[in-house]
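Q: for reference, the sequence and a predicted model appear below.
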Amino acid sequence: MNRKELLHGILLLPALAAGIAAASTGTAQAKGTKAQFKYQDHPNGKSKCSGCTLFIPNKNAKLPGTCKVVEGAISPNGWCTAFSPKS
């Protein structure tokens, strides 16, 4: 290895390390659309968003909440194919 290659490697290592660190900490993933998850504003039998582990209720219970995987406002009485019941 010559001096030029050594200097290039030394300059490249911090950038490479930063990239690896960023990848290992994870990045936010985009949410899917209501259409992708076949979201509906009404329950599917006894299954509804308020009973799902992915549902994030609004501080004001009269307003829609959000979801960890579906974008947009989510009704507590809604349902989608990502439904995961709380235990």
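A: Happy to help now that I have it.
Q: spatially nearest residue to Gln40, not counting backbone neighbours?
A: By the measure of CB to CB, 6 or more residues apart in numbering, the closest residue to Gln40 outside its immediate chain neighbours is Trp79, 5.6 Å from it. Using the backbone N, CA and C atoms, a C-beta is placed for each residue, glycine as well.
Q: and Phe55, bridged to which residues?
A: Beta-bridge partners recorded for Phe55 (DSSP bridges): Cys67.
Q: state the distance from Trp79 to Asp41.
A: 9 Å (CB to CB, to the nearest Å).
Q: which one of these two is surrounded by more residues?
A: Trp79 (23 against 12; other CB atoms under 10 Å).
Q: where does the nearest residue to Cys52 once chain neighbours are set aside land on pLDDT?
A: Of all residues not flanking Cys52 in the chain, Phe83 sits nearest, at 5.2 Å (CB to CB, 6+ apart). Phe83 carries a pLDDT score of 97 in this model.
Q: make sure Phe83 is actually in contact with Ser47.
A: Yes - using CB atoms under 8 Å, Phe83 is in contact with Ser47, at 5.4 Å.
Q: more crowded one of these two?
A: A direct count of neighbours by other CB under 10 Å for Phe83 and Ser47 places Phe83 higher, at 18 against 13.
Q: tell me the secondary structure for that one?
A: In three-state terms, and counting by DSSP: H, G, I helix; E, B strand; the rest coil, Phe83 is coil.
Q: so what's it up against?
A: Going by CB atoms under 8 Å, 6 or more residues apart in numbering, Phe83 touches Asn44, Ser47, Cys49, Cys52, Leu54.
Q: give me that answer again for 10 Å
A: Phe83 sits next to Phe37, Pro43, Asn44, Ser47, Lys48, Cys49, Gly51, Cys52, Thr53, Leu54, Phe55 when contact means CB atoms under 10 Å, 6 or more residues apart in numbering.
Q: and the buried ones among the residues you listed, selectable in ChimeraX?
A: Buried residues among these (16 or more other CB atoms under 10 Å), as a ChimeraX selection:
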select :37,43,48,49,52,54,55
